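In: The sequence and its predicted three-dimensional model are supplied below.
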Amino acid sequence: MSLRGKTALVTGSTSGIGLGIAHALAAEGCAIMLNGFGDASEIDTIRRDMANRHEVKVAHHAADVSKPEQIRQMIVDTASQLGPVDILVNNAGIQHVAPIEQFAEDKWDAIIAINLSAAFHATKAVLPTMRNRGWGRIVNIASAHGLVASEDKAGYVAAKHGLVGLTKVTALEAASSGITCNAICPGWVLTPLVEKQIAARAGDFKLAIEQAKADLLREKQKLLAFTTPEQIGAMIVFLSGENGATMTGAALSMDGGWVAQ
């Protein structure tokens, strides 16, 4: 448990990719601050299960990351409950699909706020303490869409490209402070949200679920396999440990060959 004693905050971590990341860091001995919306009793079950399974402290904060003041309060509350944030994972994100002419302006604003601005505000809030302690890890969950584009995803693509840029600037500004900042750029990840997309595709085209999965992957990923939240979590553990100490400012593709084409 090379990260025992560290405190990790993972935004958007009550399900999907974020939950997988939180489990991976907890397994290495990190105290975990979960963040996200959902049924309170279900979240408490997740929290208690993680704490018991990994024998670490786990708390939950319901901050709405589209609100900068709530992000700042979450950083303060994490420090008071678990200790100063050593590892920040900016994972929270939303999606909306429409051509630019029909793209609702409130959807654009929400995507930029949650997928990009939230990472800026959280990074700004944790950097001073990380600098004072001489150690910190910031990992931004970007996307293959942080490196290439797809039609009908103007908000998401713009936000994820911006997140890769923010990653590079953070890495450069913090380079002499014992702090690293990297972005992970997944392709298709088999999360509950993607499983719903697959089920919808299967229904629309009268396909078996396995065929719908294969068709979805084939559109973008030459390696016809989903990345898992656990694999992304393992990458973050690596970046947070000593073996990843000189990796900073990188946009790391975990996308089955999506952007290699």
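Out: Here it is on my side, so go on.

In: CA only for contacts and neighbour counts going forward, please
Out: Noted.

In: Name the nearest residue to residue 122, sequence neighbours excluded.
Out: residue 71 (6.2 Å; CA to CA, 6 or more residues apart in numbering).

In: In this structure, which helix is the longest?
Out: helix 154-173 (DSSP state H).

In: ok, and what's touching it?
Out: 94-97, 99-100, 107-108, 111-112, 115-116, 119-120, 140, 142-143, 145-150, 179-183, 248-251 (CA atoms under 8 Å, 6 or more residues apart in numbering).

In: Next: stretch 215-226.
Out: Here stretch 215-226 has contacts from 187-190, 198, 214, 255-258, using CA under 8 Å, 6+ apart.

In: tell me which residues in the longest helix of the chain are buried?
Out: 154-168, 170-171 (16 or more other CA atoms under 10 Å).

In: same question, stretch 69-80
Out: Quick answer for stretch 69-80 (16+ other CA under 10 Å): 70-72, 74-78.

In: Those in helices, which ones?
Out: Using DSSP H, the buried residues of stretch 69-80 in helices are 70-72, 74-78.

In: Reformat those as CSV; add pLDDT and distance to residue 210.
Out: Output for these, formatted as CSV (pLDDT from 0 to 100; distance: CA to CA, whole Å):
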residue, pLDDT, distance to residue 210
70, 98, 41
71, 98, 40
72, 98, 43
74, 98, 41
75, 98, 42
76, 98, 45
77, 98, 44
78, 98, 42
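
In: Can you pick out the most distant pair from the residues you listed?
Out: 70 and 78 (12.0 Å; CA to CA).

In: Now do the helices in the stretch 151-261 of the chain.
Out: 154-173, 192-205, 209-218, 229-240 (DSSP state H, counting those that start in this stretch).

In: Of those, which is nearest residue 49?
Out: Closest among the helices of the stretch 151-261 of the chain, using CA to CA: helix 229-240, at 16.6 Å.

In: Run through who's touching that closest one.
Out: 3, 16-25, 28, 87, 137, 139, 184, 189-191, 244-245, 247, 254.

In: In PyMOL, how would I select the buried members of these?
Out: A single PyMOL command is used to select the members of the contacts of helix 229-240 judged buried by 16+ other CA under 10 Å:
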select buried, resi 3+16+17+18+19+20+21+22+23+24+25+28+87+137+139+184+189+190+191+254
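
In: Okay, and which of the contacts of helix 229-240 map to strands?
Out: Among these, DSSP state E puts 87, 137, 139, 184, 254 in strands.

In: Run a quick neighbour tally on residue 223.
Out: Residues lying near residue 223 (other CA atoms under 10 Å) number 12.

In: distance of it from residue 233?
Out: 20 Å (CA to CA, to the nearest Å).

In: Show me the domain layout of this structure.
Out: 7-187+228-253, 189-226 (automatic domain parsing).

In: Deepest in the core, which of these is it.
Out: Of all the domains of the chain, domain 7-187+228-253 carries the top mean neighbour count, a mean of 20, counting by mean count of other CA atoms under 10 Å.

In: which other residues reach the helix or strand of the chain with the lowest mean pLDDT?
Out: Sorting the helices and strands of the chain by mean pLDDT, DSSP states H and E puts helix 192-205 at the bottom, at a mean of 89. The contact list for helix 192-205, computed with CA under 8 Å, 6+ apart, reads 16, 188, 207-209, 211-213, 216.

In: And these, which two are furthest apart?
Out: The farthest-apart pair in the contacts of helix 192-205, when distances are taken by CA to CA, is 16 and 207, at 24.5 Å.

In: Fine by me, we can end here.
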